[in-house]
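> Can you look at this prediction? I've put the sequence above it.
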Amino acid sequence: MTEASFPVPTQHFAAVLEGEHTEFLITGYDNRVMVMVTQLGRVGTVLQAKCESSPGSSGESYTVSSLLGRRDEPLLEICARRMMELLTDSGCRRPLLLTLGLKNHSMGTMKSIIELVLKHPVW
C-alpha cells in the first residue's frame, strides 16, 4: 500500500516469511532510503549502508555499519550490503538506513526481505 498523504514516498506492507508475520515500512527520503522490517513489533538492529565510488576506481565499494543493536550477527550486515548493491544497480545512489527486528535470522529470511523490498521501490 502506498501512503499518498505522507509527504515522502512510502510503502507499508506485510508478508509471512518462513512462518513469521513480518511488517515492512519503506520510505524514500531525499537524503536516504529507510527500510524498516520487523517480526517483533520494534526496530531491532539499525544498520547503515553506503555506496562509495573512488576517483580512478573501476567499481563501487560498499560500507555497512551497525548503528544500534546486534553486532554479532553477520547475516544482518550481509543483508544490508546486498540490499545496497541492488539499490545501486537499480539507480538509487542514496544511503540505506535498514532496521531489522527479526525472530528468524536465516539466509532464506534475508533473501526474502531483499526480494520484497526491491518489489516495492520508493527511490
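Received, thanks.
> which residues of the protein fall in strands?
Assigned by DSSP state E, the strands in the chain fall at 10-17, 20-28, 33-38, 45-53, 60-68, 96-101.
> and of the ones you listed, who's closest to residue 119?
Shortest distance between residue 119 and the strands of the chain, using C-beta to C-beta, is found for strand 10-17: 9.2 Å. Bear in mind the C-beta positions are built from the backbone N, C-alpha and C, glycine included.
> Include mean neighbour count, distance to residue 115 and mean pLDDT when you put the strands of the chain into TSV, please.
Converted to TSV, the strands of the chain look like this (neighbours: other C-beta atoms under 10 Å; distance: least, C-beta to C-beta, whole Å; pLDDT from 0 to 100):
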stretch	mean neighbour count	distance to residue 115	mean pLDDT
strand 10-17	16	10	97
strand 20-28	17	11	97
strand 33-38	22	12	98
strand 45-53	18	17	94
strand 60-68	14	19	94
strand 96-101	22	15	98
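> show me the residues around the closest residue to residue 82 other than its chain neighbours that make contact.
Closest residue to residue 82 in three dimensions, ignoring its sequence neighbours and counting by C-beta to C-beta, 6 or more residues apart in numbering: residue 114, at 5.8 Å. Contact partners of residue 114, counting by C-beta atoms under 8 Å, 6 or more residues apart in numbering, are 79, 82-83, 86.
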